[in-house]
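In: return atomic coordinates for the entry below.
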Amino acid sequence: MAGPRYIAPSAEEVRIVTLDGLSVLYHAPSGMTHIVAAPAPQILEALQPGPADINELMERLCARYELQDEVNDIVALRLAELEQAGLVRRA
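Out: Coordinates of the predicted model:
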């Protein structure tokens, strides 16, 4: 059984600026600014085509980046952090 599917805000709702290995995200709907590290911005970008569960998300990320097997756990943790911050939501 597939896990939950996640949705990211549209590219117009989140502005991302990368500074020295960190990224600053401005989430326009909430008016909040977040400082995040990789792979958070990459996850948001990978969710732009539409909702995805963790397996679909990993496929999208692997298609763009050379990832190690152990990164799956890191992506799952970052996804949970993004959800807690209100930057992604469950479909």
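
In: for the residue nearest to Leu44 when sequence neighbours are not counted, what are its contacts?
Out: Taking CB to CB, 6 or more residues apart in numbering, and ignoring the residues beside it in sequence, Leu44 has Ala8 as its nearest neighbour in space, at 4.8 Å. Quick note: C-beta positions are derived from backbone N, CA and C, even for glycine. By CB atoms under 8 Å, 6 or more residues apart in numbering, the residues touching Ala8 are 14, 43-44, 47-48, 82, 87-88.

In: mind running it again at 7 Å?
Out: Contacts for Ala8 (CB atoms under 7 Å, 6 or more residues apart in numbering) come out as 44, 47-48, 88.

In: average pLDDT for the lengthiest helix in the chain?
Out: Taking DSSP state H as the criterion, the chain has its longest helix at helix 71-84. For helix 71-84, mean pLDDT is 91.

In: brilliant, that's me finished.
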